[in-house]
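Trainee: here you go, sequence then predicted model.
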2 protein chains.
Amino acid sequence: MPTKILLYEDNTDLRNSLSSFIEFNNELLLCAAFENTVDIEDHIDTYDPDIVLMDIDMPIRNGIEGLKAIRKIDKDLPILMLTIFDDNKHILTAIQEGATGYILKQFISTQLISAIDDALNGGAPMSPAVARLVLNHINQSSKKTDYKLTPREKEVLQSLTDGNSYKMIAANEGISIGTVTSHIKNIYEKMEVHSQAEAVSKALKENIL
Amino acid sequence: MPTKILLYEDNTDLRNSLSSFIEFNNELLLCAAFENTVDIEDHIDTYDPDIVLMDIDMPIRNGIEGLKAIRKIDKDLPILMLTIFDDNKHILTAIQEGATGYILKQFISTQLISAIDDALNGGAPMSPAVARLVLNHINQSSKKTDYKLTPREKEVLQSLTDGNSYKMIAANEGISIGTVTSHIKNIYEKMEVHSQAEAVSKALKENIL
DNA sequence: AGGCATATACCTTATATTTGGTATTGATAA
DNA sequence: TTATCAATACCAAATATAAGGTATATGCCT
């Protein structure tokens, strides 16, 4: 049984050539191709595809919106994003929204088949360059700022981040509330923040614990 | 000029066969091969490699330790991790610590050369299966808990997370402090928390914004 | 040994937050 | 059309926090 594909691509030429490419392959079956993701919920319902190929930059309702719309109704349907390589932000957004893989348009002819295959088998096809972006996003250590917190201050900050009040921190650490106050004051100075919320936010976002 | 390689692998047979494989290739130059990462700092200093191939599971001082040690002295040196197992935890740890790529040992013969090439050119070579793990780690939406916050409450929570005080939130949203207080009270109830720090922590960790 | 920096500790007071209420309006669902 | 809910708004009080001090111990440098 061939793999049912739903395609979204606003450029008419590319949409047609991709359609031909898919139709030419006996293992693949093109359900339909659209120029934007308006009504994508209905399309999914109507065609019940095995995989979706999705351009990112489309007018009216783009690929990210389409991706989100699908993920609301189907958490597992493989969705391969297609794009030119210049848009780091879109790539990360797409991945955070649950895209299955990421193919650069320039490599479609050589990689599409194996990418579809990988995606259907639980893999996440992406070029090494895209993977590098993703890894850099995870690996903050390269740009991790060091606020030179003392061991005690780190403990207190960790405890704050866990949602403990001054009173609870004092009890856990075996020190007085006054001392907790003092540590937190110093933490705020070093981190240049002025509230728990800001400190916790900064600590988590910058992964400094 | 050949690419200088430093190899860490505790299994003698595999280390030898990898060494032979590298020496057989004119583009590659094996600086040295070791069975664990003790003294890795000295090795880096002595051999000044272009890339490091690192097994993860080694006795005494393993590949993750070695990776961390290198990253303390060189943020950019490409480091490819090698492993037999699809060990989720090790893969994620390695990536968080700044590994450049991840090769499963079963694919070394076919993928090592291109992986080295990718790594040297700023890419992050990894198999689709490994990439899937990484993406799942980023994309929490599958297990995202829904606290059913209203749009306004999400705005307020976002603002809290940005480190704003009640007063600032009121000004930014164009509502009174009393109303901010009221929204936050409702947010706390829905999220089952009792302070800013806890709410911010939960919001960031669970990625609900 | 003396001087210095730092981590730790505690106090105090002015603000801010938390939590309990109540109430109005507009939009939406039953 | 009634009932519910979201968003808005305010009051009041009990607590918690932020930011200003000061003090002691410890290790480090000379």
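Mentor: Yep, it's here.

Trainee: list the contacts for the residue of chain A most remote from its centre?
Mentor: Within chain A, residue A:176 marks the point farthest from the mean C-alpha position, 42.8 Å out by C-alpha atoms, centre = their mean. Taking C-beta atoms under 8 Å, 6 or more residues apart in numbering or on different chains, we find residue A:176 in contact with residue A:170. For every residue, glycine as well, the C-beta is placed using N, CA and C.

Trainee: against DNA strand C, how distant is it?
Mentor: 3 Å (C-beta to the nearest atom of the strand, to the nearest Å).

Trainee: quick check: phi and psi at that residue.
Mentor: phi -80, psi 160 (degrees, to the nearest 10).

Trainee: just residue A:101 next, same as before
Mentor: Backbone torsions of residue A:101, given as degrees, to the nearest 10, read phi -160, psi 180.

Trainee: how about it, what does it touch?
Mentor: A:78, A:80, A:81, A:115, A:118, A:119, A:123, A:124, A:125, A:126, B:128, B:131.

Trainee: burial of the first one, as a residue count?
Mentor: By the other C-beta atoms under 10 Å in any protein chain shown criterion, the neighbourhood of residue A:78 contains 24 residues.

Trainee: same question, residue A:72
Mentor: Neighbours of residue A:72 (other C-beta under 10 Å): 10.

Trainee: any idea how far residue A:194 is from residue B:188?
Mentor: Taking C-beta to C-beta, to the nearest Å as the measure, residue A:194 falls 21 Å from residue B:188.

Trainee: and for residue A:93?
Mentor: Taken as C-beta to C-beta, the span from residue A:93 to residue B:188 is 29 Å.

Trainee: most centrally placed residue in chain A?
Mentor: Closest-to-mean residue, chain A, C-alpha atoms, centre = their mean: residue A:96 / 1.7 Å.

Trainee: confidence score at that one?
Mentor: Turning to residue A:96, the model gives it a pLDDT of 81.

Trainee: ok, residue A:108 next?
Mentor: 86.

Trainee: so residue A:172 sits against residue A:164, correct?
Mentor: Yes: contact criterion C-beta atoms under 8 Å: residue A:172 and residue A:164 qualify, at 6.8 Å.

Trainee: neighbour count: these two, which is higher?
Mentor: A side-by-side neighbour count of residue A:172 and residue A:164, using other C-beta under 10 Å, places residue A:164 first with 20 against 14.

Trainee: am I right that that one sits in a strand?
Mentor: No: counting by DSSP: H, G, I helix; E, B strand; the rest coil, residue A:164 falls outside a strand, being coil.

Trainee: quick one, phi/psi of it?
Mentor: The phi/psi pair for residue A:164 (degrees, to the nearest 10) is phi -80, psi 150.

Trainee: one more: residue A:199?
Mentor: Dihedral angles for residue A:199 - degrees, to the nearest 10 - are phi -60, psi -50.

Trainee: which of residue A:194 and residue B:188 has more neighbours?
Mentor: The residue with more neighbours, out of residue A:194 and residue B:188, is residue B:188; 16 against 12, by other C-beta under 10 Å.

Trainee: just the element for that one, please.
Mentor: Assessed by DSSP states H and E, residue B:188 sits inside helix B:177-191.

Trainee: can you tell me what sits against that helix?
Mentor: So helix B:177-191 is contacted by B:147-149, B:152-153, B:156-157, B:160, B:166-167, B:169-170, B:173, B:194-195, B:199, B:202-203 (C-beta under 8 Å, 6+ apart).

Trainee: mind giving me the ChimeraX select for those, buried ones only?
Mentor: Only the buried members of the contacts of helix B:177-191 enter the following ChimeraX selection, criterion being 16 or more other C-beta atoms under 10 Å in any protein chain shown:
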select /B:147,149,153,156,157,160,166,169,170,173,195,199,202,203
